[in-house]
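# pasted the sequence and its predicted model underneath.
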Amino acid sequence: MKFSVFQISRQGGRDKNEDRMGYCYTRESGLFVLADGMGGHPEGEVAAQLALQTVSALFQRQAKPQLSDVQGFLTDALLVAHHQILRYAADKGMSDTPRTTLVAAVLQAGSASWIHCGDSRLYMVRNAALLTRTRDHSYMELRNTPPPGQERINRNVLFTCLGSPTKPIYDLAGPVHLEQGDRILLCSDGLWSTLSDADIARLLARNTVSRAVPGLVEEALRKAGDNSDNVTAVALEWEMPDALAPPREGVVDDRAGLFASTIQARPPEEAVEEQDETTIERSIAAINEVIRRATARKT
């Protein structure tokens, strides 16, 4: 497996950066993750970090050196990350939950699969043209026009995310066979909100990812000006699916099962033990009860 990878995050005009991104890999599988903590709720950066830590820890546990079920892993990892955020909020007795978007992709066996919840996007570019991208979980994206009575709806209003007291809605895609030179970009809305899909595809394909990605981020910041959102991106270029080589930001040798990650901090082992649907539903019910009690005290 051979690919080049580059990641960058800029704070923009915000008081703090609530975006998080990273990647992990073994000899035969690679995971790329990006989360954007949601404003208007407490500790968005914590929600984003918990999501990355949880997905990374599960990948390390299961990729030996491949995942046995890529789409099953992506689904389970997203739901467990959601549960971890709910548990964090419940443990702290928070009256509102930290929330985050999530987009994650796995490269394995010469193909890419991905999952997303919210409006952090994945773009796939082939031969300098946009092959596909994710569709945001927002009314503006899915309907193209706002619902009746909400004509002035903000594009940032999402109907699902991780950490919400309702079960997240998510979309799975793939596997998509990779070809030489394919580019995959994961980015927060601070990037795509100021650049068109055509511009993103064109700029991403123009140079190596180590040069194209900083250029994309700087262009987004320039266009947004002083009111820029956090701008975060991680991108890769697929090179040779049948040859072992490290990504340019990491060093890999040929020991079976080797794991490396740019997501350094990981939750304790017990934090990512088996979490079935019943466990997650119990967590949702628990956090809803915390919110109900907090609301009752205020009234």
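All right, it came through fine. Numbering: from 1, shown residues only.

# every contact and neighbour count from this point should use C-alpha atoms.
Will do.

# can you give the distance of stretch 125-141 from its chain's centre?
15 Å (C-alpha atoms, centre = their mean, to the nearest Å).

# err, stretch 121-131, not the other one
The answer for stretch 121-131 is 17 Å, by C-alpha atoms, centre = their mean.

# show me where the stretch 101-250 of the chain has its strands.
Along the stretch 101-250 of the chain, counting by DSSP state E, counting those that start in this stretch, strands occupy 102-108, 111-117, 121-126, 129-133, 171-177, 183-187, 231-238.

# what lines up beside the fifth one in the sheet?
Using DSSP bridges, strand 171-177 pairs in its sheet with strand 111-117 (antiparallel).

# now for Gly93, how many residues are close by?
14 (other C-alpha atoms under 10 Å).

# and what of Ser9?
Neighbour number of Ser9 under other C-alpha under 10 Å is 19.

# what sits against the residue nearest to it when sequence neighbours are not counted?
Excluding the flanking residues, the one nearest Ser9 by C-alpha to C-alpha, 6 or more residues apart in numbering is Thr232, at 4.1 Å. By C-alpha atoms under 8 Å, 6 or more residues apart in numbering, Thr232 lies in contact with Gln7, Ile8, Ser9, Arg10, Asp19, Arg20, Met21, Cys187, Ser188, Gly190, Leu191, Val217.

# report the separation between the residue lying closest to the fourth one once chain neighbours are set aside and Gly13.
This means Arg10. Closest residue in space to Arg10, ignoring its immediate chain neighbours: Val231 at 5.2 Å, by C-alpha to C-alpha, 6+ apart. The spacing between Val231 and Gly13, counted by C-alpha to C-alpha, to the nearest Å, is 10 Å.

# comparing those two, which residue is more hemmed in?
More neighbours surround Val231 than the other of Val231 and Gly13, with 27 against 16 (other C-alpha under 10 Å).

# got the confidence number for that one?
Model confidence at Val231, expressed as pLDDT, equals 95.

# then Arg293?
60.

# what do you get for Gln53?
At Gln53, pLDDT is 95.

# ditto for Asp226
For Asp226, the model assigns a pLDDT of 89.

# can you report how many residues lie near it?
Neighbours of Asp226 (other C-alpha under 10 Å): 11.

# ok, the closest residue in space to it that isn't next to it in sequence to Ala90 distance?
In space, and not counting its chain neighbours, Asp226 is closest to Gly13: 5.4 Å by C-alpha to C-alpha, 6+ apart. Distance check for Gly13 against Ala90: by C-alpha to C-alpha, it reads 31 Å.

# any stretches of the stretch 151-299 of the chain with poor pLDDT?
151-156, 240-257, 264-299 (pLDDT under 70).

# how does it look with 90?
Scanning the stretch 151-299 of the chain for pLDDT under 90 picks out 151-159, 165, 226-229, 239-261, 263-299.

# thought Gly22 was touching Val33, still the case?
Yes: at 5.5 Å, Val33 and Gly22 qualify as touching, with contact defined as C-alpha atoms under 8 Å.

# what touches both of these two?
Counting by C-alpha under 8 Å, 6+ apart, the residues touching both Val33 and Gly22 are Leu52.

# looking at those two, which is more packed in?
Val33 (27 against 22).

# report how many residues lie close to the residue nearest to the more buried one when sequence neighbours are not counted.
Excluding the flanking residues, the one nearest Val33 by C-alpha to C-alpha, 6+ apart is Ala104, at 4.3 Å. Using other C-alpha under 10 Å as the criterion, Ala104 is surrounded by 27 other residues.

# can you give me the neighbour number for Trp16?
Let me fix one detail, which is that residue 16 is Lys and not Trp. Using other C-alpha under 10 Å, Lys16 has 12 other residues around it.

# separation between it and Leu258?
Distance from Lys16 to Leu258, by C-alpha to C-alpha: 34 Å.

# cheers, nothing more for now.
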